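Asks: got a predicted model here, sequence first, then my questions.
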Amino acid sequence: MISARGLTKSFGDFEAVKGIDVEVRRGEAFGFLGPNGAGKSSTMRMIAATSPVSGGELRILGLDPATDGPAIRGRLGVCPQDDTLDTELDVFDNLFIYGRYFGLPREEVRARADELLEFVQLTDKAHAKVDDLSGGMKRRLTIARSLVNRPDLLLLDEPTTGLDPQARHVLWDRLFRLKQAGVTLVLTTHYMDEAEQLCDRLVVMDKGRIVAEGSPLDLIREHSTREVAELRFGIAREGETHEALAAQVANLGDRVEVLPDRLLVYSEDGDAVVAAVQARGLRPVATLVRRSTLEDVFLRLTGRTLVD
Ligand SMILES: Nc1ncnc2c1ncn2[C@@H]1O[C@H](COP(=O)(O)OP(=O)(O)OP(=O)(O)O)[C@@H](O)[C@H]1O
């Protein structure tokens, strides 16, 4: 569905995307995971054929965006990062008018709009003003709009940024259904749980480069341990810093990361780490043993957290 080789995007002297290779297969959910400024949106805009490629090769649905932009755009669904809904129109008309841009007959577009409102659970809001919708409803309407032309490939730029946890789960559920229906999903996110929930495969991006690629599980297996013991200390005694405490627990796991508010000790058995910490007379005020996540992978690869 998408093939990129050495793809770059420059803004003047600044290279936002520094030569990435990506292959997206039909039917999969593929993610670009990375912090703000990693180059995810710049990449998505090139894939959506709305921003020219600066260098390298890019094929979307086998077509060249430089010469076949209109043909590509006609076959894609695009859900941009910012809300681009028309506030002059009600919910139904946002779908209806958009559908008419694709040159579909009135009755077909009407039926499609009804079907999509049902899919995103907004049927009872059909004649509401866009401004009266919640953030989650607006996102769902934007997704409905991106599906009007029955695209094979749906591009979603940070689909749940700014939404509350419940609204995110509703959205994930809809996206999961689309995936089950055979739609290829390509999404960007800086939420590691979103990437883990939705993506079959993903690339981790940082500063315009791909730093790792694989399924969420493979990435975790390859770049982290099974468990992580999180240790929070109420640092009271003089000279006792997180770095000093890290040195004292360093040999209890594979490695230790020092964050501003806690230490992370990576090992296969987190409970054993906590027991050993206590046996050494160290007294963390709080401990938590959890599974490794993509956040840990990102930290390992870049030395920073995704929310940095
Ligand atoms: N039109 C532009 N002109 C100049 N610089 C730009 C432009 N668009 C993006 N950039 C820069 O390119 C880099 C990558 O931005 P991009 O939006 O692709 O990142 P991102 O990973 O999508 O992050 P975000 O989550 O903030 O959207 C950033 O440093 C950004 O400031």
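Replies: Okay, I see it. These numbers come from a predicted model, not from an experiment.

Asks: which residues of the stretch 1-150 of the chain lie near the ligand?
Replies: With the criterion set to C-beta under 6 Å from any ligand atom, the stretch 1-150 of the chain comes near the ligand through 11, 14, 16, 34, 36, 37, 38, 39, 40, 41, 42. For every residue, glycine as well, the C-beta is placed using N, CA and C.

Asks: just the buried members of those residues?
Replies: Using 16 or more other C-beta atoms under 10 Å as the burial test, those include 16, 34, 38, 39, 40, 41, 42 as buried.

Asks: report the contact partners of the second one.
Replies: So that's residue 34. 40, 188, 190, 204, 205, 206, 298, 306 (C-beta atoms under 8 Å, 6 or more residues apart in numbering).

Asks: same question, the third one
Replies: With contact taken as C-beta under 8 Å, 6+ apart, residue 38 is in contact with 32, 190, 205, 206, 207, 208.

Asks: could you dump the residues you listed to JSON lines with neighbour count and pLDDT?
Replies: Formatted as JSON lines, the contacts of residue 38 follow (neighbours: other C-beta atoms under 10 Å; pLDDT from 0 to 100):
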{"residue": "32", "neighbour count": "27", "pLDDT": "96"}
{"residue": "190", "neighbour count": "20", "pLDDT": "87"}
{"residue": "205", "neighbour count": "27", "pLDDT": "94"}
{"residue": "206", "neighbour count": "20", "pLDDT": "93"}
{"residue": "207", "neighbour count": "15", "pLDDT": "94"}
{"residue": "208", "neighbour count": "22", "pLDDT": "96"}
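
Asks: still on that earlier bit, wait, which of the contacts of residue 34 is closest to residue 228?
Replies: Set against residue 228, the nearest of the contacts of residue 34 by C-beta to C-beta is residue 298 (13.2 Å).

Asks: so what's residue 148 closest to, chain neighbours aside?
Replies: Closest residue to residue 148 apart from its sequence neighbours, by C-beta to C-beta, 6 or more residues apart in numbering: residue 99 at 4.3 Å.

Asks: what about the one you found, which helix or strand?
Replies: According to DSSP states H and E, residue 99 maps onto helix 91-101.

Asks: need the next SSE after that helix, C-terminal direction.
Replies: Next along the chain from helix 91-101, counting by DSSP H and E, comes helix 106-119.

Asks: okay, the angle between that following helix and helix 91-101?
Replies: Put simply, helix 106-119 runs at 130 degrees to helix 91-101, going by axes from the mean of the first three to the mean of the last three C-alpha atoms, to 10 degrees.
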